[in-house]
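Novice: heads up, no residue letters with this:
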């Protein structure tokens, strides 16, 4: 199978990720932070090492400001619901995933207002328009680092500067960029960073996290046992316990740590260069096919390794079905949980076919994909 | 190492659990429910099969009423916060874990009142007292199936009958019993069942779930992408999507499925009989040691395979430290995230040392534990 659905979950995983998961299950299967015995401490160490690796990757000064979650969606929910109070205003973009839009809809019912800044058809955000949308009660700007539909990169550093100048909490959804693009919470003035473990970081599904800048206090979404302050009926204030309750996914976090080590060993720039090279091949190849419509920037310097296209008016699911059935190529079709982005692009009815690469894809994969799409386009 | 901390996380895991996790990572690493391609469907099948196994184990008619969570704590938070509205009253017991107590404290601030029925020093619940605590606005009874400190089994079936007769939603925390004791949501009239995957079910950490009886509608704790109803800015109503947002822990759920299969193959009664035999040995052995104080029923027919004890006035952490360092025995000390239970038992200051067995423990383990504890008791 040629796997081009890495924006949903990356596959394959580096061998050392699988090894780390099984090693943890076999040799450090105790509960981290819940006991003083050797194996519990070993489990705790695994979790802490992964926290340190995340901190290193995103230039986070204190690893304890990283809370682990089951995915990026949970991180976003914890952040938005922990931060916002009735009367607050939020600015976001029209390229967001449902993991941002749906919590905002629920919060809107509770008296939190939000403004969605409409991006261009290619997904570009006009920072001037975003600035105009700010109000005296704007508490938070929340946006994706790159669209999960078009890959369009957002001007995160620029928006971070504006947010900092105005004292607005800046939150970034790094679902499509963590592990591929440089993310520096200091340089980019990011206050809240939500990231998945199972995409560009090459960790297992069931992992993700939230960075919370010191001084940003969040109320809790979930409370329970943390192994700390056990005597209190109140959930502890200290990070990361404040945002982590119940037993963590230790084997998953062992795998996530191995995934981040893999990235650091290869080098983020090496990974990105390889993926950009494949994306360039894909864009060039698809541009030559009659009837193929590309969405987004169609420029590897302006997008994460995600590309959306359609073949004429053919249903996107139909194309994806043929790619899978006839050519053994895995991709995703439809709305990709981001209907606002599709409205922005004008593809709400048809959806798009999405191809997304990882470090493990090869030129051959791309050649096969281009050939397959060409054949489908010629036959319809 | 002799591992007697199974109430925190069971270890070791059956070999087939580790195999299922790695097989999933290697061969079904795509995102379940997010694509139509073969590998995404394979991932979706794994998740569904585990849902069916959970349903079979707990006699749940419709597997789709089982939502997967990252642990039991999350399941409890989803249930309590999704069910309760200001003005509602809740009845609970004094033997609950912080995963029940702490969400109730937060809800109390929002106008949800609760009554904690005090249990006996052994942890027994007087059903008469519980009935007296009910009010016209009692919306929910929430209780553990067995104390995580003393193991004391609660009269779940009896309380279920009362709840049903009065139209009160009955919620059970099966953290210490799932996989060891028979749980039948129909016979026991359980409306909401929270369970961890990484204890008695022998799955990996990072797994758990919530059963929600048809007709019990919960508001959402988290919203986001589900792969369903993508076009809507509102989170879908259908189960299990309603309570599952973001990517699931598919490899973890593959492992959980293998864990449940392991239990079903062995037979719940065979597992329980083995564990009860070891517990009987442990109780008999410890009873003979001068200075050892046992808490809870000290009767294998009245408790889950969890035993708390102290040696005179010796700090529980000190005993656990010696067991680990000198005898290579892993156990847990302190309050076990259940301070109300310790207040009930009169051990809030000292905490207790807790030993908990799994199917993988042997008579030799118990002999070694008894011998070690004897030596510590003699030397102090």
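Specialist: Structure's in. What do you need? The structure displayed is predicted, hence computed values, not measured ones. Numbering: from 1, shown residues only, chains lettered A, B, ... in the order given.

Novice: Which single residue in the stretch 51-200 of chain A comes nearest to chain B?
Specialist: residue A:73 (2.8 Å; CB to the nearest CB). Quick note: C-beta positions are derived from backbone N, CA and C, even for glycine.

Novice: do the stretch 251-380 of chain A as well
Specialist: Residue nearest to chain B within the stretch 251-380 of chain A: residue A:337 (3.3 Å; CB to the nearest CB).

Novice: Which of the helices or strands spans residue A:333?
Specialist: strand A:332-334 (DSSP states H and E).

Novice: what packs against that strand?
Specialist: Where contact means 3 or more CB pairs under 8 Å, 6 or more residues apart in numbering or on different chains; DSSP states H and E, strand A:332-334 is packed against helix A:316-327, strand A:352-356.

Novice: quick one: the strands in chain A?
Specialist: For chain A, the strands defined by DSSP state E occupy A:2-3, A:66-69, A:89-93, A:113-117, A:138-144, A:169-173, A:192-196, A:208-212, A:292-294, A:306-311, A:329-330, A:332-334, A:352-356.

Novice: quick one on the thing from earlier: roughly how far does the residue of the stretch 51-200 of chain A closest to chain B sit from residue B:192?
Specialist: As judged by CB to CB, to the nearest Å, residue A:73 and residue B:192 stand 23 Å apart.

Novice: on that earlier part again, and the pLDDT for the closest residue to the residue of the stretch 51-200 of chain A closest to chain B other than its chain neighbours?
Specialist: With sequence-adjacent residues excluded and distances taken as CB to CB, 6 or more residues apart in numbering or on different chains, residue A:73 is closest to residue B:246, at 2.8 Å. Residue B:246 is assigned 96 on the pLDDT scale.

Novice: Contacts only, for the residue of the stretch 251-380 of chain A closest to chain B.
Specialist: A:97-99, A:148, B:34, B:224-227, B:230 (CB atoms under 8 Å, 6 or more residues apart in numbering or on different chains).

Novice: got it, and residue A:68?
Specialist: A:47, A:50-51, A:207-209, A:240, A:244, A:248-249, A:253.

Novice: How about the residues of the stretch 51-200 of chain A by chain B?
Specialist: Within the stretch 51-200 of chain A, the positions lying close to chain B (CB under 8 Å from any CB of the partner chain) are A:69-74, A:76-77, A:97-99, A:101-103, A:105-106, A:196, A:198.

Novice: give the contact list for the residue located most distally from the centre of chain A.
Specialist: Centroid-distance maximum for chain A: residue A:231 at 36.5 Å, with CA atoms, centre = their mean. Residues near residue A:231 by CB under 8 Å, 6+ apart: B:335, B:339, B:348.

Novice: Buried subset of these as a ChimeraX selection?
Specialist: Buried residues within the contacts of residue A:231, by 16 or more other CB atoms under 10 Å in any protein chain shown, are selected in ChimeraX with:
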select /B:335,339
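
Novice: Any chance of a markdown table for the contacts of residue A:231, columns pLDDT and distance to residue A:296?
Specialist: A markdown table is the format used below for the contacts of residue A:231 (pLDDT from 0 to 100; distance: CB to CB, whole Å):
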| residue | pLDDT | distance to residue A:296 |
| --- | --- | --- |
| B:335 | 93 | 54 |
| B:339 | 93 | 54 |
| B:348 | 93 | 60 |
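
Novice: Dump the contacts of residue A:231 to JSON lines, plus distance to chain A.
Specialist: As requested, the contacts of residue A:231 are arranged in JSON lines below (distance: CB to the nearest CB, whole Å):
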{"residue": "B:335", "distance to chain A": "4"}
{"residue": "B:339", "distance to chain A": "5"}
{"residue": "B:348", "distance to chain A": "7"}
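
Novice: so which of the contacts of residue A:231 comes closest to residue A:300?
Specialist: residue B:335 (55.2 Å; CB to CB).

Novice: So the closest one versus residue A:275, what's the distance?
Specialist: From residue B:335 over to residue A:275 (counting by CB to CB), the distance is 49 Å.

Novice: now swap in residue A:20 and tell me
Specialist: 23 Å.

Novice: Look at the two and report which has more neighbours.
Specialist: residue A:20 (27 against 22; other CB atoms under 10 Å in any protein chain shown).

Novice: show me what contacts the closest residue to that one other than its chain neighbours?
Specialist: Computed as CB to CB, 6+ apart, the closest residue to residue A:20 that is not its neighbour in sequence is residue A:258, at 3.7 Å. Residues counted as contacts of residue A:258 (CB under 8 Å, 6+ apart) are A:14, A:16-17, A:19-21, A:202-203.

Novice: got JSON lines for those residues, with pLDDT too?
Specialist: Output for these, formatted as JSON lines (pLDDT from 0 to 100):
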{"residue": "A:14", "pLDDT": "98"}
{"residue": "A:16", "pLDDT": "98"}
{"residue": "A:17", "pLDDT": "98"}
{"residue": "A:19", "pLDDT": "98"}
{"residue": "A:20", "pLDDT": "98"}
{"residue": "A:21", "pLDDT": "98"}
{"residue": "A:202", "pLDDT": "98"}
{"residue": "A:203", "pLDDT": "98"}
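
Novice: From those residues, keep the buried residues only.
Specialist: Applying 16+ other CB under 10 Å to the contacts of residue A:258 flags A:14, A:16-17, A:20-21, A:202-203 as buried.

Novice: about what we covered before: so can I have a markdown table of the contacts of residue A:68 showing neighbour count?
Specialist: Converted to a markdown table, those look like this (neighbours: other CB atoms under 10 Å in any protein chain shown):
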| residue | neighbour count |
| --- | --- |
| A:47 | 23 |
| A:50 | 30 |
| A:51 | 23 |
| A:207 | 32 |
| A:208 | 31 |
| A:209 | 32 |
| A:240 | 21 |
| A:244 | 27 |
| A:248 | 28 |
| A:249 | 31 |
| A:253 | 32 |
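
Novice: So which of those residues sit within helices?
Specialist: Using DSSP state H, the subset of the contacts of residue A:68 located in helices is A:47, A:50-51, A:253.

Novice: and those residues, which two are the farthest apart?
Specialist: A:51 and A:253 (8.4 Å).

Novice: My read is that residue A:123 contacts residue A:147, right?
Specialist: Yes. Using CB atoms under 8 Å, residue A:123 is in contact with residue A:147, at 4.7 Å.
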